[in-house]
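Engineer: Here is my input; please provide its structure:
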Amino acid sequence: MSEPKRILYRGVPMIEGWPEKIFAAQQSPSYAVQGRDVGRVRYGDEHDDWGADQQACHDCRVIKGEFHVPGCDVERCPICGGQVITCDCPFDESDQVLINAVTGQVESIPKQMSGNATNQSWATALSVLTVPFVAVP
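Structural biologist: Predicted coordinates:
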């Protein structure tokens, strides 16, 4: 298997195609919880210090002030403060589909996701979802 091509984007090394995933993540500023929008936590706004003032996110490569790429292990839940990918908060179905997709629990986007602009943004983000685990020299 060949190594993915590596690029520099904003001075940060990453695999080719990852900047599009970062862009897609910025299009969805909130999660839906019991029918209301709850703002997502931006990189650098977490309670823990992940070094946002000095470096890009170690997992998804966003910079301070940006929303994490879906599936990032640094993204915090706006409700409980835990990892979004592991918390048990009651996200509405369309957002739970995205969160579960990173664990392989869901293979496709349900039809009900096609109704509003926020869900379309999540669908776009999900369609390019692959968290990179590539060693960069």
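Engineer: shaky segments in the protein?
Structural biologist: By pLDDT under 70, the weakly predicted segments of the chain are 1, 94-137.
Engineer: quick one, helices of it?
Structural biologist: Under the criterion DSSP state H, the chain contains helices at 18-26, 93-101, 117-127.
Engineer: how about residue 52, what does it touch?
Structural biologist: Neighbour list for residue 52: 43-44, 63-64 [criterion: C-beta atoms under 8 Å, 6 or more residues apart in numbering]. C-betas here are computed from N, CA, C, even on glycine.
Engineer: Most neighbours among these, which one is it?
Structural biologist: Neighbour counts for the contacts of residue 52 (other C-beta atoms under 10 Å) peak at residue 43, which has 24 neighbours.
Engineer: Assess the claim that that one and residue 61 are in contact.
Structural biologist: No: the criterion here is C-beta atoms under 8 Å, and residue 43 misses it with residue 61 at 9.8 Å.
Engineer: on that earlier part again, name the nearest of the contacts of residue 52 relative to residue 22.
Structural biologist: residue 63 (8.7 Å; C-beta to C-beta).
Engineer: Look up the closest residue to that closest one, ignoring the ones flanking it.
Structural biologist: Nearest non-adjacent residue to residue 63, counting by C-beta to C-beta, 6 or more residues apart in numbering: residue 56, 5.3 Å away.
Engineer: likewise residue 65?
Structural biologist: Nearest to residue 65 is residue 42, by C-beta to C-beta, 6+ apart, at 5.5 Å.
Engineer: likewise residue 51?
Structural biologist: That would be residue 58: by C-beta to C-beta, 6+ apart, it lies 7.9 Å from residue 51.
Engineer: Next: residue 46.
Structural biologist: residue 76 (4.9 Å).
Engineer: residues touching the one you found, list them.
Structural biologist: Applying C-beta under 8 Å, 6+ apart, the residues near residue 76 are 41, 46-47, 82-84.
Engineer: which residues pair with it across the strands?
Structural biologist: Per DSSP bridges, the residues bridged to residue 76 are residue 83.
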